[in-house]
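Participant: Any chance you could fold what I've pasted below:
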Amino acid sequence: MVDYGFKISKQGHDVKTASEKDLIFSSAENLLKVKFSGSTYLYSNNIREITHNLGYAPQFLAYAQQSPYPNDPMYLVLSDSDITDVIGWVDSNKLYLQNTAGTPGSTYDVYYYIMVDQM
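Facilitator: Model prediction:
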């Protein structure tokens, strides 16, 4: 382990001498770094293009909540089998989020995070 950076140790362990298993956080580990984040609303048969212009396909994470349940705090990751109408993909310039449902009124709130790290 490197001897510089940012570390947080578990209670009862000296951060200067703690082993990896006794750390809560270490900047020596690979961490996802968010470059852009935001939200959008997807209507039936709608696609949104979010420009990032990073020049490479970054990792991304997106969550969706179906609008008929506005008081339900549960958002599902796009890859979750319960959200089959919303898909996402990324290229070197944009993140694409699409509502493939043909049913009128099938709308989703989508929150997304575009990372610095490449796919």
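
Participant: list the contacts for Gly102?
Facilitator: With contact set as Cβ atoms under 8 Å, 6 or more residues apart in numbering, Gly102 has these partners: 44-45. Quick note: C-beta positions are derived from backbone N, CA and C, even for glycine.

Participant: Would you map the strands across this structure?
Facilitator: With DSSP state E, the ranges of strands along the chain come out as 7-9, 23-26, 34-42, 46-51, 58-66, 76-77, 86-90, 94-99, 108-118.

Participant: May I have the residues that are in contact with Ile24?
Facilitator: Residues in contact with Ile24 (Cβ under 8 Å, 6+ apart) are 8-10.

Participant: out of the strands of the chain, nearest to Thr17?
Facilitator: With distances scored as Cβ to Cβ, the stretch of the strands of the chain nearest to Thr17 is strand 7-9 (8.8 Å).

Participant: quick one: that closest one to chain centroid distance?
Facilitator: On the basis of Cα atoms, centre = their mean, to the nearest Å, strand 7-9 is displaced by 25 Å from the centre of the chain it belongs to.
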